[in-house]
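K.L.:
All I have is the shape, not the residue letters:
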């Protein structure tokens, strides 16, 4: 069970890196970034699929997308200067709390 959760979190982190690589790939016009994005996509799908051998699909998918969404917003703020305001942080906080809640509830 612990290994499945580790793979799921790793898939979520790869999802964040994948989104960033897509931004840098500029519509797949930059070959290096495009290749990296495809490799990251393959890695995240592999890890997500492996975690689904043990974890419930609804829980795993919600946690994976929660990590991806919250992580991508935070990286967008740091790397790309995307807007930061209290309401945006509030909603991201709810996503994080929901993700943690699903982990606790499925332990």
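P.N.:
Here it is on my side, so go on. Note that the structure is predicted; figures quoted are calculated from it, not measured.

K.L.:
Give me the helices and strands touching the lowest-mean-pLDDT helix or strand in the chain, please.
P.N.:
None of the helices or strands of the chain scores lower by mean pLDDT, DSSP states H and E than helix 86-106, at a mean of 87. The elements that helix 86-106 packs onto, with contact taken as 3 or more C-beta pairs under 8 Å, 6 or more residues apart in numbering; DSSP states H and E, are helix 57-80. C-beta coordinates here come from the backbone N, C-alpha and C atoms, glycine included.

K.L.:
The helix it packs on: how far from the chain's middle?
P.N.:
4 Å (C-alpha atoms, centre = their mean, to the nearest Å).

K.L.:
so who does the residue nearest the centre of the chain touch?
P.N.:
Residue closest to the average C-alpha location in the chain (C-alpha atoms, centre = their mean): residue 68, at 2.1 Å. Shown in contact with residue 68 (C-beta atoms under 8 Å, 6 or more residues apart in numbering): 12, 15, 16, 19.

K.L.:
Let me know the outermost residue of this structure.
P.N.:
Each residue of the chain has a distance to the centre, and by C-alpha atoms, centre = their mean the biggest one is for residue 29: 23.4 Å.

K.L.:
that older thread, can you give me the pLDDT of the residue nearest to the centre of the chain?
P.N.:
For residue 68, the model assigns a pLDDT of 95.

K.L.:
quick revisit: look at the residue farthest from the centre of the chain and give its secondary structure.
P.N.:
Following DSSP: H, G, I helix; E, B strand; the rest coil, we place residue 29 in the coil state.

K.L.:
Please tell me how far it sits from residue 93.
P.N.:
Distance, residue 29 to residue 93, using C-beta to C-beta, to the nearest Å: 35 Å.

K.L.:
Identify the residues contacting stretch 73-85?
P.N.:
So stretch 73-85 is in contact with 16, 19, 20, 23, 88, 92, going by C-beta under 8 Å, 6+ apart.
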